[in-house]
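Peer 1: The following block contains a protein sequence and its predicted model.
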Amino acid sequence: MYQSRLASRVSRPGERPGDDKTDHDGAPGVCSCTRLGELLEANQQQLAFLGARESGIPVGLPLMDMALGWVDHYMGWIDKIEGSYGESYPAPGFNYTRREPYGVVGVIIPWNGPLMATCMMALPAIAAGNGVVLKPPALAPFVALRIAELADQAGLPAGLFNVVPGEAEAGEALVAHPDVAKVTFTGGEGVARRVMATAAACLKPVALELGGKSANLVFEDADLDAAAIQAVYGALGLSGQGCVNPTRLLVHRSRYDEMVSRAAAVAASMKVGDPFDSGTVAGPVICQSACDRILGIIAQARRDAKLVAGGERLGGELANGFFIQPTVFADVQPGSALEQNEVFGPVLSITPFADDAEALAIANGTRYGLGAYLHTNDLDRAHAFAERLDAGYVNINGFASMAPVAPFGGYRQSGFGRVGGWAGMEEYLQLKNVFVARREGKR
């Protein structure tokens, strides 16, 4: 049963449900937010069904647990937004600061995880006191719409959380609207440039969470059992349709052949199929055009690298769906198309390196900078690489699964802005300074 840390605020003596609809500047009260978490959990089967139906997301993935973590974390900030105080110089008096909401925030989310994306992107903005207009993806609008219904049932003030489905024109209108004070966009580079160009016309701030080609470095002292599982499931789970997936596996030459063999075996064992089957870890890719594009990338890579697992569209009872085998290529050359470009499909590339310098050069050798992963028992090496990797989200000997308590976001062409932690709240707050003069001779 969902139990928020805010639960102690729910049942004050004499309080009725809905009494606390707002806490500050229009933000939802803690009771309605606790009820939202409860309603999400109570409807998790329906939300999982919608996710499988519209996006092919396997119902067995623990996405609701992750989503509730974001609800709990950010709703806990509602009554904890603070400013600062300081003496003024040289003018006598003092300064204090206020953190204030923008007003209305436009949120555009992707199709590969609408449950998580809605909770990650919209709820921090609401917790900061903003109203939200969310545009769901045209291919997958129903999860976000259902969450909006549940938010209304939970007692969030009318008009605070709005979902407006539509095609690209709806997104353009949202970004361009003069009453939308800030926009956050999650998706690809091409659309992100259009969002920035439209926002630039009215000098509107934007936050972008874009793609990645995240490196996963496995050094000679790594635990290969753990590294192989994370490498393959991290890259190919959800059919590879994730922005921060570790899709480039870089392995020290002394362990390279062993790691290639392990990765191929793990990929071959992954269960791909019906997303409504609780044992499935990878369903179909999102649509026919995506399937064709990914198969084209695989066909090209066959000419440049060594295919060691997968590489085909699944047939049999899955022939009419967009199912692609978990695919692994070895001996992928740095700088090649497969090594440089985001596939957004179930394709993992493996490349050897000779030493730390080469590993760092290959890892940083793309236009992206979202995530990075490394496996080593050398603490000094781990910290040195964490400092030098050009990525906003570095994981050492594991994966934090985008925990709500920590900031997540990219460098370079992977975007800017953060979700998670206090940094995620600051994205949706403006800082105002107030100066109060002290009159001479007055106390």
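Peer 2: Perfect, I can see it now.

Peer 1: what's the neighbour count on the spatially closest residue to residue 398 that is not a sequence neighbour?
Peer 2: Spatial nearest neighbour of residue 398, chain neighbours left out: residue 230 (7.2 Å); criterion: Cβ to Cβ, 6 or more residues apart in numbering. For glycine as for every other residue, the C-beta is placed from the backbone atoms N, C-alpha and C. Using other Cβ atoms under 10 Å, residue 230 has 22 other residues around it.

Peer 1: Need the three-state assignment for residue 230.
Peer 2: Per DSSP: H, G, I helix; E, B strand; the rest coil, the secondary structure class of residue 230 is helix.

Peer 1: All the strands of the stretch 201-350 of the chain, residue numbers only.
Peer 2: Remark: strands assigned in the stretch 201-350 of the chain by DSSP state E, counting those that start in this stretch are 206-209, 215-218, 248-252, 306-309, 327-330, 347-353.

Peer 1: What strand or helix carries the closest residue to residue 353 other than its chain neighbours?
Peer 2: Of all residues not flanking residue 353 in the chain, residue 359 sits nearest, at 4.3 Å (Cβ to Cβ, 6+ apart). Counting by DSSP states H and E, the element that carries residue 359 is helix 356-363.

Peer 1: how far is that helix from where the chain is centred?
Peer 2: 26 Å (Cα atoms, centre = their mean, to the nearest Å).

Peer 1: What lies in contact with it?
Peer 2: 215, 217, 219, 248, 250, 252, 334, 351, 353, 372, 381, 385, 388-389 (Cβ atoms under 8 Å, 6 or more residues apart in numbering).

Peer 1: Now the buried members of those residues.
Peer 2: Burial by neighbour count, 16 or more other Cβ atoms under 10 Å: within the contacts of helix 356-363 this picks out 215, 217, 219, 248, 250, 252, 334, 351, 353, 372, 381, 385, 389.

Peer 1: Next, find the distance separating the first one from residue 258.
Peer 2: Computed as Cβ to Cβ, to the nearest Å, the residue 215 to residue 258 distance reads 19 Å.

Peer 1: ok, now the last one?
Peer 2: With the distance defined as Cβ to Cβ, residue 389 ends up 24 Å from residue 258.

Peer 1: Any stretches of the stretch 201-350 of the chain with poor pLDDT?
Peer 2: Within the stretch 201-350 of the chain, no stretch has pLDDT under 70.

Peer 1: any chance you could map the helices in it?
Peer 2: 224-236, 256-269, 288-302, 337-340 (DSSP state H, counting those that start in this stretch).

Peer 1: ok now the shortest one, how far from the chain's centre?
Peer 2: By that I understand helix 337-340. In terms of Cα atoms, centre = their mean, the centre of helix 337-340 is found 22 Å from the chain centre.

Peer 1: just checking, what packs against it?
Peer 2: In terms of contacts (3 or more Cβ pairs under 8 Å, 6 or more residues apart in numbering; DSSP states H and E), helix 337-340 is packed against helix 288-302, strand 347-353.

Peer 1: Nearest to residue 139, out of these?
Peer 2: helix 288-302 (9.6 Å; Cβ to Cβ).

Peer 1: Just the C-alphas of that closest one, formatted as PDB.
Peer 2: Only the C-alpha atoms of helix 288-302 are listed here, as PDB (Å, rounded to 0.1, in the frame of the first residue of the first chain):
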ATOM      1  CA  GLN A 288       6.400   0.300 -38.200                       C
ATOM      2  CA  SER A 289       8.700   3.200 -39.200                       C
ATOM      3  CA  ALA A 290      10.800   2.800 -36.100                       C
ATOM      4  CA  CYS A 291      11.100  -1.000 -36.800                       C
ATOM      5  CA  ASP A 292      12.200  -0.300 -40.400                       C
ATOM      6  CA  ARG A 293      14.700   2.300 -39.300                       C
ATOM      7  CA  ILE A 294      16.300   0.000 -36.700                       C
ATOM      8  CA  LEU A 295      16.500  -2.900 -39.100                       C
ATOM      9  CA  GLY A 296      18.200  -0.600 -41.600                       C
ATOM     10  CA  ILE A 297      20.800   0.400 -39.000                       C
ATOM     11  CA  ILE A 298      21.400  -3.300 -38.200                       C
ATOM     12  CA  ALA A 299      21.800  -4.100 -41.900                       C
ATOM     13  CA  GLN A 300      24.400  -1.400 -42.300                       C
ATOM     14  CA  ALA A 301      26.200  -2.400 -39.100                       C
ATOM     15  CA  ARG A 302      26.500  -6.000 -40.400                       C
END
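
Peer 1: so it versus strand 347-353, what angle?
Peer 2: Here the directions of helix 288-302 and strand 347-353 differ by 30 degrees (axes from the mean of the first three to the mean of the last three Cα atoms, to 10 degrees).

Peer 1: got a list of contacts for helix 288-302?
Peer 2: Under the contact criterion Cβ under 8 Å, 6+ apart, helix 288-302 has outside partners 284-285, 307, 311, 313, 322, 324, 327, 329, 332, 336-338, 341, 343-347, 349.

Peer 1: pLDDT weak spots in the stretch 51-200 of the chain?
Peer 2: Scanning the stretch 51-200 of the chain for pLDDT under 70 picks out no residues.
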